[in-house]
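Asks: Predicted model, plus sequence, below.
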Amino acid sequence: MPDQQALLRDAMQRLQLTRDAFADRIGVTRRALDGWLLPEDSKQHRAMPALVARVIEQFGGAAPNEAQPSDLRARITRPNKPHLLSVDVFERESVEDLLRVAKQMEPIARRQKVSRVLEGAVLGNLFFEPSTRTRVSFGAAFCRLGGSVCDTTGFTFSSMAKGESIEDTSRVISGYVDAIVVRHPEVGSVARFASATHVPVINGGDGPGEHPTQALLDLYTLQQEFERLGKSIDGAHVAMVGDLRHGRTVHSLIRLLSLYRNLRFSFVAPASLEMPPELVALARERGHRVTEATTFKEGLKKPDVLYATRIQKERMVGEGLETYPASFRVDREAVAKYCAEHTVLMHPLPRDSTPGANDLAADLDRDPRLAIFRQTDAGIPVRMAVFAVLLGVDHLVARSLRDAHWISPERLGPRDIRR
Amino acid sequence: MPDQQALLRDAMQRLQLTRDAFADRIGVTRRALDGWLLPEDSKQHRAMPALVARVIEQFGGAAPNEAQPSDLRARITRPNKPHLLSVDVFERESVEDLLRVAKQMEPIARRQKVSRVLEGAVLGNLFFEPSTRTRVSFGAAFCRLGGSVCDTTGFTFSSMAKGESIEDTSRVISGYVDAIVVRHPEVGSVARFASATHVPVINGGDGPGEHPTQALLDLYTLQQEFERLGKSIDGAHVAMVGDLRHGRTVHSLIRLLSLYRNLRFSFVAPASLEMPPELVALARERGHRVTEATTFKEGLKKPDVLYATRIQKERMVGEGLETYPASFRVDREAVAKYCAEHTVLMHPLPRDSTPGANDLAADLDRDPRLAIFRQTDAGIPVRMAVFAVLLGVDHLVARSLRDAHWISPERLGPRDIRR
Amino acid sequence: MPDQQALLRDAMQRLQLTRDAFADRIGVTRRALDGWLLPEDSKQHRAMPALVARVIEQFGGAAPNEAQPSDLRARITRPNKPHLLSVDVFERESVEDLLRVAKQMEPIARRQKVSRVLEGAVLGNLFFEPSTRTRVSFGAAFCRLGGSVCDTTGFTFSSMAKGESIEDTSRVISGYVDAIVVRHPEVGSVARFASATHVPVINGGDGPGEHPTQALLDLYTLQQEFERLGKSIDGAHVAMVGDLRHGRTVHSLIRLLSLYRNLRFSFVAPASLEMPPELVALARERGHRVTEATTFKEGLKKPDVLYATRIQKERMVGEGLETYPASFRVDREAVAKYCAEHTVLMHPLPRDSTPGANDLAADLDRDPRLAIFRQTDAGIPVRMAVFAVLLGVDHLVARSLRDAHWISPERLGPRDIRR
């Protein structure tokens, strides 16, 4: 029974306990423990009672109250305001700590492990404008920590239609749930929602405003890709192309990337869709190099990352553009010309696959550099991390893990060949 | 290790067991138990094996089948009809028993404890008209007992659109779920729904008909507020103001309050929006005093409770009123004039916060007498109690409690300073 | 304490273990076990410590990894394509195996037992067209295995409205959930959805295409009814009446029934709504007898099963029929004339109960032959079986069962008197 020894050794190591302390912890004598740890062919070897194995397995060998809460929550929120409304709350260290928590969630996100650390908790997933993927991503992340989800969708919230203020709605919902995700078409509305409650509110996108978990999952993806490639974010060359004026996701990502050192940003956008000057200024103030251009040829010089923005057709007419310029189509040909062997290709999705849309093209789908689905996958561990930190259970996750019993695909889809 | 003794004492007390019986229950000798209960500095003191502590913790020290079901379910329902359709089923004793069950739910509703007593059960939360807050409140309550929720929302139920009868829909859904909440715009439709099933159906509001859990949470709030203030419902002075004609919530609340003794009701409504005469008659028949008035000045004499109704604008035109009279605005000034130091201020919410609505005013939001959010909060324990009683698990809740591990706000929002 | 012996004997039998092996498994000596198994009045009788009882109860006496996965999953799916898109994947043996798994789910579907075998797993329940009952049935089935559900409903999926391809949507959702049910108005769209993912996709109906779980639950119902009546499917006489041209459910059911031997099919349809010739041909090729008719009188000769199709009014005009012919109304009179004492009456529901609809009539509702609600009830165990098999946990269900603690109706509704 070699598993017996592996089980015990693993538990002692995880808990960083000596044999004496461990024996004490699980309620057996040191001598019994020693007997179980001897090789099977030893005369003193003893079989460990199944009862003990189960106790160890079930409790992860530790009483849950022994782990120490991290101070990350305190560093990214204010007292009685445990919200995540903007990426502006992050320092480099705190954002890296958050991504470290996300990394810990990977075995759960990949369905190898199960955690029930939020069992009993309820999420209010309030979507005042439709965004199915974001809603499902937040919901699934909360479920994977053991919690339950109450959804609202659609353009109207029935009591708001009756004249209720956003503050009243917030306070009422706070009495029902333990955390709230709000998506709303108006800038600032999520902050108003948060002002009226002490329950954690997460901004799931407020129109042209912020969408902090998208920026975090972008950064997480970038970090994972670079780790695989043996690169680091410090000193990287990040190109952003497309509609940089309206692209909420690139705006927030620049704020996060600016926390790192010595980056080179290339912003490539059609005239009238350029990056807002205040973001260019911010990047420069923090010591990064910025170049701007209006064509791929001029602006794309084999970057480490090419981040293509989502095309928002409804904005095109307003900007005097009938269609999105074909020269901004990111396809196999453009990538061959302007990217390097290991350029990471990103896009916030959804991408427009209708003919003539000139968005990120499907002919790249089998290109291993294309990280777009690794990017959406990252939504789960990152949102789990945000929930865990804001609800103060991040330190309990590791030892709450149990094996998942169902079969999961090793790779999630035919298009994600390198996961 | 003083926790060891506390743990054991607490478990024995909870179970009301002697040392002998307790030792027997957890499968140890009386001598071992005695050793664990001795002070740490005693020579005979023994450390309790962690194994035992975990068993006690996990099972709450009791086999679940030892608690006895209450007969409350039998008193408020008929055989094979385990529904809650109306407040008319309650006697004073049964309504007080239900509120007692709700009180037991408070540690869960306040997120200090977790129960999984309905783990495996599924709620059908069927909303044939939108009412987000009510839907989320029922859903969250069911989740907090460990169950899962299947929602339907919106005006149409797809199979009903295909000509299916309400009875067929009811019977089909009964095969999928363990309890059903129905909200429907037509009076009597929920009762029709209930007639076709033996699965508990809870009326979540049927148009101008009943909404029994709202009345129960109102009563629960009132009872909690009075308890805090050292008052009792018997003999209390309850004022109801506003649109008393259409206010479904006050109608049901009067029915419940009439079960108590010797109340004084003040009904203050604009002409044409008076309390229906049958409810006035009911209160009088049961021995309560009733006065009616059309102005605050005339009708509001420092009551123990001021219950303001929700303004239903869509009804105003039909009643020949273009706007709701400004003299019925309940604001700081009105409260200063007509209420007492400890008048409890209630409102079923949502309140209309648009300018000129003349509903309950936001300038009262920091007034400690304002109980409106304590009132909505009460929806969780009260609805949990209803589910627990109708599904016959109310007696199992107390011993199913475990600690919640996530961080919860002590007070739920800046506006609820006295929770 | 006779329960002690029953508990032990039951556990040993379930695990098919000798006393020695069982004692070893639960970590006690053989002698202790023997003492617990002796009659209470025996001198050697010993009380089993509660601790041991709880361990047995909790773990079902078995480590979950000891059960062997079945090969049914491999027989009905292709490698990396663990989907259920059509009934065409079934052989007679595999469909019978699946129904055997469904049968195992009955104690859970009837709310006597609870399983958490999919705890931690998340279902994406994607309904691109409304079908409340089917959505709730899939959702409740997944919950009853311990999983969580993320729903999307309505005609649009917001990212698809932005031009996203069905393949992108599929791949993104695969990163969030462990299994996906898709209902979509267009034939073939669910297969496209499945082509882009390795996560199990279940066809929940693709317009006039397939709806395999409906066919499976029909077959399961038929099998259960026949078992009760002492009949077998081989050699049975199955009549299908109504709109056989558009009836997706009867088309799939014929494919499944054709896997059996020597059936007799009677197809009775108004002119222009006849059974498609390829299905008639299929049944004949497989050696079954087929007769076709246009009136009940001519075609209905006391069959073992009468399967009435759902009337799809929207199709009537297109076919030049203003209303559905009254002569196709299946009511008490028609059943008295054309059916036998034990003819099983089936219908896929919903049925049209509006006056003049000429669908299956409500005057049959108390007829014990009417199996329509037993049919919808069957959706739960059958869909549980599909999930369990595709996710590879069917072999774990039996030993994961725990008692349900809430009260369930013995019969689900007044209309299902013989359940």
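Replies: Received the coordinates, thanks.
Asks: Any residues of the stretch 101-250 of chain A in contact with chain C? List them.
Replies: Residues of the stretch 101-250 of chain A that fall close to chain C, judged by CB under 8 Å from any CB of the partner chain: A:108, A:111, A:114-116, A:130-133, A:135-137, A:139-140, A:143-144, A:146, A:148-149, A:151. All C-beta spots, glycine's among them, are computed from the backbone N, C-alpha and C.
Asks: Of the residues you listed, which ones also sit close to chain B?
Replies: Restricting these to those near chain B - CB under 8 Å from any CB - leaves A:148, A:151.
Asks: From C:Arg329, how far off is the residue in the stretch 1-150 of chain A positioned nearest to chain B?
Replies: Distances between the stretch 1-150 of chain A and chain B by CB to the nearest CB are smallest at A:Gly27, namely 2.7 Å. Using CB to CB, to the nearest Å, A:Gly27 is found at 72 Å from C:Arg329.
Asks: follow-up on the earlier one: so the residue of the stretch 1-150 of chain A closest to chain B touches B:Pro49, yeah?
Replies: Yes - judged on CB atoms under 8 Å, A:Gly27 makes contact with B:Pro49 at a distance of 2.7 Å.
Asks: In terms of packing, which of these two has more residues around it?
Replies: B:Pro49 (19 against 16; other CB atoms under 10 Å in any protein chain shown).
Asks: That one and chain A, how far apart?
Replies: The spacing between B:Pro49 and chain A, counted by CB to the nearest CB, to the nearest Å, is 3 Å.
Asks: Skipping adjacent residues, who's closest to the residue in chain A positioned nearest to chain C in space?
Replies: Nearest to chain C in chain A, going by CB to the nearest CB, is A:Pro49, at a distance of 2.7 Å. Distances taken as CB to CB, 6 or more residues apart in numbering or on different chains place C:Gly27 nearest to A:Pro49, at 2.7 Å, with adjacent residues excluded.
Asks: do the same with A:Pro107
Replies: A:Lys113 (4.0 Å).
Asks: for the one you found, what are its contacts?
Replies: A:107, A:401-404 (CB atoms under 8 Å, 6 or more residues apart in numbering or on different chains).
Asks: One more: A:Val181?
Replies: Contacts of A:Val181 by CB under 8 Å, 6+ apart are A:123-127, A:135, A:138, A:201-202, A:204.
Asks: got TSV for the residues you listed, with secondary structure, pLDDT and neighbour count too?
Replies: Converted to TSV, the contacts of A:Val181 look like this (DSSP: H, G, I helix; E, B strand; the rest coil; pLDDT from 0 to 100; neighbours: other CB atoms under 10 Å in any protein chain shown):
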residue	secondary structure	pLDDT	neighbour count
A:Leu123	strand	98	28
A:Gly124	strand	97	24
A:Asn125	strand	96	26
A:Leu126	strand	95	26
A:Phe127	strand	93	23
A:Arg135	helix	95	24
A:Phe138	helix	98	30
A:Val201	strand	98	28
A:Ile202	strand	98	24
A:Gly204	strand	96	28
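Asks: any chance you could map the strands in chain A?
Replies: Per DSSP state E, chain A carries strands over the ranges A:113-114, A:122-127, A:148-152, A:179-184, A:201-206, A:237-241, A:264-268, A:289-293, A:305-308, A:344-346, A:402-403.
Asks: Check the offset of the first one from the chain's centre.
Replies: Just to be clear, that refers to strand A:113-114. 18 Å (CA atoms, centre = their mean, to the nearest Å).
Asks: now swap in the second one and tell me
Replies: Between the mean C-alpha point of strand A:122-127 and the mean C-alpha point of its chain there is a distance of 18 Å (CA atoms, centre = their mean).
Asks: Give me the helices and strands touching it, please.
Replies: helix A:132-144, strand A:148-152, strand A:179-184, helix B:132-144 (3 or more CB pairs under 8 Å, 6 or more residues apart in numbering or on different chains; DSSP states H and E).
Asks: How about residues contacting the shortest one?
Replies: So that's strand A:148-152. For strand A:148-152, contacts defined as CB under 8 Å, 6+ apart pick out A:121-127, A:135, A:139, A:142-143, A:176-177, B:132, B:135-136, B:139-140, B:143, B:148-149, B:151, C:148, C:150-151.
Asks: So what's the residue count around A:Asp10?
Replies: Counted with other CB under 10 Å, A:Asp10 comes out at 12.
Asks: let me redo that: A:Asp20
Replies: A:Asp20 has 10 nearby residues by other CB under 10 Å.
Asks: nearest residue to it other than its sequence neighbours?
Replies: Nearest to A:Asp20 is A:Arg30, by CB to CB, 6+ apart, at 5.6 Å.
Asks: Surely the one you found and A:Arg19 touch.
Replies: Yes - if you go by CB under 8 Å, A:Arg30 and A:Arg19 touch, sitting 6.2 Å apart.
Asks: For the stretch 251-400 of chain A, which residues are neighbours of chain B?
Replies: Residues of the stretch 251-400 of chain A lying near chain B (CB under 8 Å from any CB): A:391-393, A:396.
Asks: and those residues as CSV, adding distance to chain C and pLDDT?
Replies: Below are those laid out as CSV (distance: CB to the nearest CB, whole Å; pLDDT from 0 to 100):
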residue, distance to chain C, pLDDT
A:Leu391, 17, 97
A:Gly392, 21, 96
A:Val393, 16, 96
A:Leu396, 16, 94
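Asks: now those residues as CSV including neighbour count?
Replies: Shown next, in CSV, are those (neighbours: other CB atoms under 10 Å in any protein chain shown):
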residue, neighbour count
A:Leu391, 27
A:Gly392, 19
A:Val393, 25
A:Leu396, 22
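Asks: Spit out the contact partners of whichever residue of the stretch 201-350 of chain A sits closest to chain B.
Replies: Chain B sits closest to A:Val201 of the stretch 201-350 of chain A, with a gap of 11.1 Å, by CB to the nearest CB. If you count contacts by CB under 8 Å, 6+ apart, A:Val201 has them with A:83-85, A:170, A:179-182, A:190, A:193-194.
Asks: Brilliant, that's me finished.
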